[in-house]
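Participant: Got a predicted model here, sequence first, then my questions.
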Amino acid sequence: MLFDLDGSKLIGHNGATLGQTSCLRVEPESGIVMSILTTGGGSRVAPFT
């Protein structure tokens, strides 16, 4: 997926299954990568933009 955050172009992906949620974002211009991985109760993917 492609995202636009205050003019920065991001590449990312969200995912979820029973008890697990994940979010990945890459900002190619700066080389910054962020990954969030969680485990626990319900599995719901937040609309990270």
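Facilitator: Received the coordinates, thanks. Numbers count the residues shown, from 1 in each chain.
Participant: In contact with residue 8, which residues are there?
Facilitator: 27, 29 (C-beta atoms under 8 Å, 6 or more residues apart in numbering). (C-beta placed from N, C-alpha, C; glycine too.)
Participant: Specify the beta-bridge partners of it.
Facilitator: With DSSP bridges as the criterion, residue 8 is bridged to residue 5.
Participant: again with residue 36
Facilitator: For residue 36, the beta-bridge partners under DSSP bridges are residue 23.
Participant: Closest to the centroid, which residue in the chain?
Facilitator: residue 23 (2.7 Å; C-alpha atoms, centre = their mean).
Participant: That one reaches residue 14, doesn't it?
Facilitator: Yes. When contacts are counted by C-beta atoms under 8 Å, residue 23 is listed as touching residue 14 (5.2 Å).
Participant: one step back: could you check how far the residue nearest to the centre of the chain is from residue 8?
Facilitator: In this view, residue 23 and residue 8 are 16 Å apart by C-beta to C-beta, to the nearest Å.
Participant: same thing with residue 32?
Facilitator: 9 Å.
Participant: And residue 35, by the same measure?
Facilitator: Distance, residue 35 to residue 8, using C-beta to C-beta: 17 Å.
Participant: can you tell me the helix or strand for residue 12?
Facilitator: Residue 12 belongs to strand 8-17 when assigned by DSSP states H and E.
Participant: Output stretch 25-39 as PDB, restricted to C-alpha atoms.
Facilitator: Only the C-alpha atoms of stretch 25-39 are listed here, as PDB (Å, rounded to 0.1, in the frame of the first residue of the first chain):
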ATOM      1  CA  ARG A  25       5.900   1.400   7.300                       C
ATOM      2  CA  VAL A  26       8.900   2.400   5.100                       C
ATOM      3  CA  GLU A  27       9.900   5.900   4.200                       C
ATOM      4  CA  PRO A  28      12.300   5.400   1.200                       C
ATOM      5  CA  GLU A  29      13.700   8.900   1.100                       C
ATOM      6  CA  SER A  30      15.100   8.800   4.600                       C
ATOM      7  CA  GLY A  31      15.600   5.100   4.900                       C
ATOM      8  CA  ILE A  32      13.400   4.900   8.000                       C
ATOM      9  CA  VAL A  33      11.500   1.700   8.600                       C
ATOM     10  CA  MET A  34       9.000   1.100  11.400                       C
ATOM     11  CA  SER A  35       7.400  -2.200  12.400                       C
ATOM     12  CA  ILE A  36       4.900  -2.700  15.200                       C
ATOM     13  CA  LEU A  37       4.100  -6.300  16.200                       C
ATOM     14  CA  THR A  38       1.600  -7.100  19.000                       C
ATOM     15  CA  THR A  39       0.100 -10.100  20.600                       C
END
